[in-house]
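In: Sharing a model prediction with you, sequence too.
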Amino acid sequence: MSLVSLWEFYIMEKVNLAEKLSSFSDYFNPRIAGELNGQQVKLVKFKGEFIWHHHDNEDELFYVVKGSFDMQLRDKTITVNAGEFLIMPRGVEHRPVAREEVEIMLFEPASTLNTGNIENELTRKELNRL
């Protein structure tokens with residue numbers, strides 16, 4: 001395959017976050033909005049409490065698009081507001097909690113399971129693409 005045909009195969013398209021986030025209304029169910037270098041850009045909405053979990057092999061970046069949420073750790077709570085991000089290092093047990101709906105953009109390796117080391121009814125092994 002020539003470089004030109006490879007370029008045409010990977011047509012660049014911009015992503016409108018507000019448009020993509022308005023296309024779904026459920027919580028704690030991430031969708032893939034893009035991919036780069038083995039990483040996925042995911043969009044998700046939170047409301048309420050998620051489960052305590054950790055990721056053995058992956059760091060996660062939580063960027064708040066709209067709203068705010070608390071990232072509970074075993075020894076403290078970090079509030080993350082719109083326009084801010086938090087990097088959760090691998091191995092650190094955490095639980096996102098949102099009193100009101102919050103819109104999040106995640107950057108994480110494609111191998112990242114949303115519930116980390118726990119598998120239950122909230123686990124999403126196959127994610128929809130936006």
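Out: Nice, thanks for sending it over. Residues are numbered from 1 along each chain as shown.

In: mind listing what's buried in stretch 45-54?
Out: Buried positions in stretch 45-54, judged by neighbour count with 16 or more other Cβ atoms under 10 Å: Lys45, Phe46, Lys47, Phe50, Ile51, His53, His54. All C-beta atoms are positioned from the backbone trio N, CA, C, and that covers glycine.

In: and the second one, what are its bridge partners?
Out: Counting by DSSP bridges, Phe46 forms beta bridges with Val102.

In: Quick check: it vs Asp26, distance?
Out: Using Cβ to Cβ, to the nearest Å, Phe46 is found at 11 Å from Asp26.

In: Then the last one?
Out: In this structure, His54 lies at 24 Å from Asp26, with Cβ to Cβ as the measure.

In: Also the first one?
Out: Using Cβ to Cβ, Lys45 is found at 7 Å from Asp26.

In: Also Arg95?
Out: Going from Arg95 to Asp26 by Cβ to Cβ gives 19 Å.

In: next one: Asp59
Out: As judged by Cβ to Cβ, Asp59 and Asp26 stand 25 Å apart.

In: neighbour count winner among these two?
Out: Ranked by neighbour count (other Cβ atoms under 10 Å), Asp59 and Asp26 place Asp59 first, with 15 against 9.

In: how near is that one to Met71?
Out: Look at Asp59 and Met71: by Cβ to Cβ, they are 14 Å apart.

In: Find residues that contact each of the two.
Out: Listed as contacting both Asp59 and Met71 by Cβ atoms under 8 Å, 6 or more residues apart in numbering are Met88.
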